[in-house]
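Asks: 3D model of this:
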Amino acid sequence: MKNIAITIFIALIAVVMGLYLTSFQVRETESALVMTFGDATKFLFSVGLEFQGDLDNGIISEGLRQEFEGNGASLLQDVTVSVEQAGVTWLITDELKKYPIKKEEGRLKIYTTREITKPGWYFKWPAPIQTKEIFDSRMQVFEADLGETTTKGAVPIIVNTYVVWRIAEPLKFLNAVGTVKQAETKLYSQITDTQNRVIGQHSFGEFVNSDSEEIKFNQIEAEMLADLEQTLSDEYGIEIKALGIKQLKVSKDVSKDVFERMKTDRKRRTEATIARGEAEATKIRADANYKAKELLATAEARAKVIRGQGDAEAAKHYKMLEEDPELAMFLRNIESLEKILKERSTIVIPADSEPFTLLKNIPSLEPKSQEGR
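Replies: As a prediction, this is how the structure comes out:
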């Protein structure tokens with residue numbers, strides 16, 4: 001019984017060791033590269049140059065598929081072809097396998113590599129036949145040191161740029177870079193070159209300006225990202241997800257000049273605004289005066305018409321009063337009496353004084369005959 005337990009224990013140890021030596025796990029945040037005898041690529045076979053044109057166009061011809069099948073490496077239907085350097089190098093991606101193709105010695109040489117980017121449990125031959133390299137495929141942030149560069153107008157500025165990156169192609173990354181530390185060295189060098197090249201195409205006013213519409217930070221960052229990601233992806237297998245300028249500094253002398261320019265610009269804008277306001281005020285006053293004169297002229301013309309109508313009407317009444325003097329005197333007395341008695345007042349006058357005789361006797365106002373008129 002004891003011997004059976006020992007045998008089972010030894011078998012378990014052998015199974016665990018076997019699994020340890022021949023299998024490995026790739027997590028969600030990782031990618032892996034399986035190497036044979038320390039080489040990430042293994043030569044499979046070579047073909048003639050008749051397939052080069054199709055590869056440059058991203059096409060796998062039926063003849064090339066048959067060549068793969070004849071060498072024990074059947075390709076799936078949905079494989080992709082990446083042209084790394086037209087006429088020189090290509091990469092065929094087939095699910096978990098990648099086949100680098102190089103033009104060497106007048107032929108197209110096909111290699112194989114086992115690059116794993118999907119999580120799971122995988123098997124391999126035990127070392128030293130096959131070994132594995134695990135890469136962290138999570139997003140990483142690299143922040144370059146503060147560096148001085150110059151704008152289009154030769155104004156020196158100090159910028160601090162950061163990038164968000166990840167390992168996208170393990171094989172290319174291993175061959176061109178090797179480790180994350182070396183990758184950061186490459187990133188620093190490339191960021192410095194990019195910011196010198198891109199920032200040198202923009203004026204200082206696009207970084208610092210009192211007018212927010214003149215500032216083009218987003219555009220400059222986008223240009224830097226486009227310039228950087230192409231180089232890093234093609235040469236190092238690094239994918240740049242984001243780029244930004246974290247800090248922007250200027251020297252004391254430049255700051256002084258900037259503030260002076262800002263003051264001058266503010267003063268110029270203030271004077272321009274005041275001038276526009278005065279011009280608008282002058283225009284409004286002129287328009288108001290014109291309208292006032294026009295209204296006064298219209299009112300005067302209307303008043304003349306009314307006065308003319310009144311004078312004409314009065315002339316008719318005057319003519320009637322001239323024909324009947326007694327009626328005229330009666331109306332004048334009535335008007336005088338109305339004015340005198342308008343307010344409360346005490347007046348002592350003879351009762352036979354005009355126009356108070358109207359209070360005692362109402363005169364007989366017989367209209368004159370038509371003949372008398």
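Asks: every contact and neighbour count from this point should use C-alpha atoms.
Replies: OK.
Asks: and the pLDDT at Val141?
Replies: With respect to pLDDT, Val141 has a value of 93.
Asks: I'd guessed it sits against Val180; true?
Replies: No - with contacts counted by C-alpha atoms under 8 Å, Val141 stays clear of Val180, the gap being 11.5 Å.
Asks: list residues touching both of these two?
Replies: Counting by C-alpha atoms under 8 Å, 6 or more residues apart in numbering, Val141 and Val180 have no contacts in common.
Asks: domains in the chain, by residue range?
Replies: The chain breaks down into these domains under automatic domain parsing: 2-134, 140-250, 252-313, 324-359.
Asks: rounded mean pLDDT for the first one, please.
Replies: In this case it means domain 2-134. In this model, domain 2-134 has a mean pLDDT of 85.
Asks: deepest-packed of the domains of the chain, please.
Replies: domain 140-250 (a mean of 17; mean count of other C-alpha atoms under 10 Å).
Asks: residue closest to the middle of the chain?
Replies: With distances taken as C-alpha atoms, centre = their mean, Asn218 lies nearest the centre of the chain, 7.2 Å away.
Asks: residues in contact with the helix or strand in which Lys241 is found?
Replies: Using DSSP states H and E, Lys241 sits within strand 238-249. Outside strand 238-249, the residues within contact range by C-alpha under 8 Å, 6+ apart are 157-169, 173, 221-222, 224-225, 228-229, 232-233.
Asks: and the helix or strand that that strand is followed by, what does it pack against?
Replies: Of the helices and strands lying after strand 238-249 in sequence (DSSP H and E), the nearest is helix 252-323. Secondary-structure packing of helix 252-323 (3 or more C-alpha pairs under 8 Å, 6 or more residues apart in numbering; DSSP states H and E): helix 325-340.
Asks: now for the helix it packs on, which elements pack on it?
Replies: For helix 325-340, the packing partners by 3+ C-alpha pairs under 8 Å, 6+ apart come out as helix 252-323.
Asks: report the inter-axis angle for the helix it packs on versus strand 238-249.
Replies: Inter-element angle recorded for helix 252-323 and strand 238-249: 70 degrees (by axes from the mean of the first three to the mean of the last three C-alpha atoms, to 10 degrees).
Asks: quick check: mean pLDDT of helix 252-323?
Replies: In the prediction, helix 252-323 has an average pLDDT of 80.
Asks: what's the angle from it to helix 325-340?
Replies: For helix 252-323 against helix 325-340, the angle by the same axes, to 10 degrees is 140 degrees.
Asks: what helix or strand does Gln25 sit in?
Replies: Using DSSP H and E, Gln25 sits within strand 23-26.
Asks: now that strand, how far from the chain's geometric center?
Replies: Computed by C-alpha atoms, centre = their mean, to the nearest Å, the chain-centroid distance of strand 23-26 equals 45 Å.
Asks: kindly report the same for stretch 167-186.
Replies: Computed by C-alpha atoms, centre = their mean, the chain-centroid distance of stretch 167-186 equals 33 Å.
Asks: still on that earlier bit, mind saving the C-alpha coords of the strand holding Gln25 as CSV?
Replies: Only the C-alpha atoms of strand 23-26 are listed here, as CSV (Å, rounded to 0.1, in the frame of the first residue of the first chain):
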residue,chain,number,x,y,z
SER,A,23,3.0,23.9,-21.5
PHE,A,24,2.5,27.5,-20.4
GLN,A,25,-0.3,29.9,-19.8
VAL,A,26,-0.9,33.2,-21.6
